[in-house]
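Novice: Fold the stuff below for me.
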Amino acid sequence: MSRKFGPVRATPLGWVIWAVVVFFFVNLAGVVLSVLVSSFGKKWFDTWFPSGFTTQWYGDAWREFTLFHVIVVTLLVSALVVVLSVLVGAPAAYVLARKNFPGKRLVYLTFLLPILMPPITYGIPLATVLYKFGFAGHLSGVVLANLVPSVPFVILTMTPFIEQVDPRIEDAARMLGAGTRAVFLKILAPLLVPGLLASAILVLVRTVGMFELTFLTAGPDSQTLVVALYYSMSAAGIRAQQSVDAMAVIYTAMMLVLLVVALRFVNPTQLVARVKEEPSE
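Specialist: Modelled structure (predicted):
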């Protein structure tokens, strides 16, 4: 007996949810577009659109806010954080994926805390310690502060990838005479390239967008782009709003590029799926 289904009708709750979603994205698009148009506008007071358009404000922002230096610092901090996080986090993820020991769940919870907690909650005491030992206010302090959430992020990202690699592959390599270094470099490393790439890209995006920890530990010569953008809006003096908007557009464009790259190389399902095959009898 065939069954006929009528048209699906949206419930009142469904309409409310869709209305909230549409309202949010419309407002978000309005804010982004207004900043984008303002960054190119000559004068914009009481009209729908600016009286003219120019790229002058981008040149002014580049010179006034020394954006070349700021972008170099941002890329340098991000690169150092990515390299150190992967070097520390990948071996730790291997131990957590392969070894069972008392308190393993507690260790996982400890690594989750810097990711789940707002950075400001542990950023202030962390910055206090870094200032006490002379790291804060310099590039080293910014890097160390950003490592606190980045290393656990690499560990939690890499662990599912390592768990998907059959341990019998490593056992077979050791039986054939391969040492620990050879197993890691010639067996595991090629298999874990997707995980390493995913971790590196996600840490890169997170570091470029990290405001709280960088703001608390950066000095005049170690500000990243997001912190410099904040200071450009709040510092004393008279500045053209279009210059600040141009700087905001540059930062948004950088984040969008990083996001597109991340989505291109990172499969989100791999970050949560933990596949463990039972050994055959």
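Novice: quick one: which helix or strand includes the most centrally placed residue in the chain?
Specialist: Geometric centre of the chain, nearest residue: residue 206, 1.7 Å, by Cα atoms, centre = their mean. Residue 206 belongs to helix 193-209 when assigned by DSSP states H and E.
Novice: by contact count, what packs against that helix?
Specialist: Helix 193-209 is packed against helix 67-98, helix 139-163, helix 225-234, helix 241-265, with contacts defined by 3 or more Cβ pairs under 8 Å, 6 or more residues apart in numbering; DSSP states H and E. Glycine gets a C-beta too; all of them are placed from N, C-alpha and C.
Novice: what do you get if the cut-off is 10 Å, keeping everything else the same?
Specialist: Packing contacts for helix 193-209, counted by 3 or more Cβ pairs under 10 Å, 6 or more residues apart in numbering; DSSP states H and E, involve helix 67-98, helix 139-163, helix 212-217, helix 225-234, helix 241-265.
Novice: Of all these, which one comes closest to residue 43?
Specialist: The minimum distance between residue 43 and those falls on helix 241-265, with 9.3 Å, by Cβ to Cβ.
Novice: So, low pLDDT: which residues of the stretch 101-250 of the chain?
Specialist: For the stretch 101-250 of the chain, the stretches flagged by pLDDT under 70 are 235-239.
Novice: change it to 80
Specialist: 178-180, 185, 233-241 (pLDDT under 80).
Novice: domains in this protein, as residue ranges please.
Specialist: 12-54, 58-272 (automatic domain parsing).
Novice: just checking, residue 96 touches residue 155?
Specialist: Yes. Look at residue 96 against residue 155 with Cβ atoms under 10 Å: they come within range, at 6.7 Å.
Novice: list the residues that contact both of these two?
Specialist: Listed contacts common to residue 96 and residue 155 are 107-108, 111; contacts here mean Cβ atoms under 10 Å, 6 or more residues apart in numbering.
Novice: ok so, going back, could the helices and strands packed on helix 193-209 go into a markdown table alongside mean neighbour count?
Specialist: A markdown table is the format used below for these (neighbours: other Cβ atoms under 10 Å):
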| stretch | mean neighbour count |
| --- | --- |
| helix 67-98 | 18 |
| helix 139-163 | 23 |
| helix 212-217 | 24 |
| helix 225-234 | 17 |
| helix 241-265 | 17 |
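Novice: so which of these gets nearest residue 29?
Specialist: Here helix 241-265 is closest among the helices and strands packed on helix 193-209 (Cβ to Cβ), at 12.7 Å.
Novice: by contact count, what packs against the closest one?
Specialist: Against helix 241-265 (3+ Cβ pairs under 10 Å, 6+ apart) you get helix 12-40, helix 56-64, helix 67-98, helix 193-209, helix 225-234.
Novice: can you redo the ones you listed as TSV with distance to residue 241?
Specialist: Output for the helices and strands packed on helix 241-265, formatted as TSV (distance: least, Cβ to Cβ, whole Å):
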stretch	distance to residue 241
helix 12-40	7
helix 56-64	9
helix 67-98	17
helix 193-209	23
helix 225-234	9
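Novice: Quick one: closest of those to residue 151.
Specialist: Nearest of the helices and strands packed on helix 241-265 (Cβ to Cβ): helix 67-98, 4.8 Å.
Novice: Output the contacting helices and strands for the very next helix or strand once past the closest one.
Specialist: Downstream of helix 67-98, the next assigned helix or strand under DSSP H and E is helix 104-116. If contacts are counted by 3+ Cβ pairs under 10 Å, 6+ apart, helix 104-116 sits against helix 67-98, helix 119-132, helix 139-163.
Novice: Contacts for helix 104-116 next, please.
Specialist: 89, 92-93, 95-96, 101, 103, 121-123, 126, 147-156, 159, 206, 213.
Novice: so residue 79 sits right up against residue 207, yeah?
Specialist: Yes. Residue 79 is within contact range of residue 207, at 9.1 Å (criterion: Cβ under 10 Å).
Novice: joint contacts of these two?
Specialist: Here residue 79 and residue 207 share the contacting residues residue 143, scored by Cβ under 10 Å, 6+ apart.
Novice: quick one on the thing from earlier: for the residue nearest to the centre of the chain, which residues are in contact?
Specialist: Shown in contact with residue 206 (Cβ under 10 Å, 6+ apart): 78, 81-82, 85, 115, 146, 149-150, 153, 258, 262.
Novice: How much space separates it from residue 40?
Specialist: Note on residue 206: its distance to residue 40, by Cβ to Cβ, to the nearest Å, is 30 Å.
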